[in-house]
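**Student:** Output the structure for:
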Amino acid sequence: MKLQNKKTGEIRELPDGFFCGDSLKKICEDWEDYEEPKEHWYVSSYGNLAKTDVMTDLHRGAEEIGNLFETREEAEKVVEKLKAWKRLKEAKFRIKEYEYRPIEAYNASEQKYNIISADGIIEFSMFCYEDFSDDLNLLFGGEE
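**Tutor:** Numbers count the residues shown, from 1 in each chain. Modelled structure (predicted):
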């Protein structure tokens, strides 16, 4: 078991008899359980992937906007989606109109859910659907 000193940040392994003679109250005042830093990934301001195991205000801000991921693979998938969105935007893609329709209601674990379907008319000013079907499926398609 590892402990971290609340004041100094010192980290020590807890061997038998580590606090011999100290009271439990004194130990709890000065020491707390230490947890290994958890690795997180984010897309840097330069567009490449970066990792951190320290949560600074910068990283909390990244987390707030959805730019902090538990694995490199999750971060890579987001980069691919951003690239797909950029390609669609450059092709003058836009959703011309949309309509939300409830398609099903069911009871799961005693909670009621209303499933919503979004049907839209999409418009490409310069290219055909087939040129961008992979990008559309990546952004709006089935499996996550």
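**Student:** Determine the longest helix present in this structure.
**Tutor:** Criterion DSSP state H: the longest helix present in the chain is helix 72-90.
**Student:** Just the buried positions in that helix, please.
**Tutor:** 75, 78, 84, 88 (16 or more other Cβ atoms under 10 Å). Placement of C-beta: from N, CA and C, glycine included.
**Student:** Check which helix or strand residue 3 maps to.
**Tutor:** strand 2-5 (DSSP states H and E).
**Student:** CA atoms only for that strand - export them in CSV, please.
**Tutor:** C-alpha atoms of strand 2-5 as CSV (Å, rounded to 0.1, in the frame of the first residue of the first chain):
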residue,chain,number,x,y,z
LYS,A,2,1.3,3.5,-0.8
LEU,A,3,0.6,6.6,1.2
GLN,A,4,1.2,10.2,0.2
ASN,A,5,2.0,13.0,2.7
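**Student:** helices or strands next to that strand in the packing?
**Tutor:** Using 3 or more Cβ pairs under 8 Å, 6 or more residues apart in numbering; DSSP states H and E as the contact test, the elements touching strand 2-5 are strand 11-13, strand 31-33.
**Student:** Ok, which of those strands comes nearest residue 57?
**Tutor:** Nearest to residue 57, of all the helices and strands packed on strand 2-5, is strand 31-33, at 22.2 Å by Cβ to Cβ.
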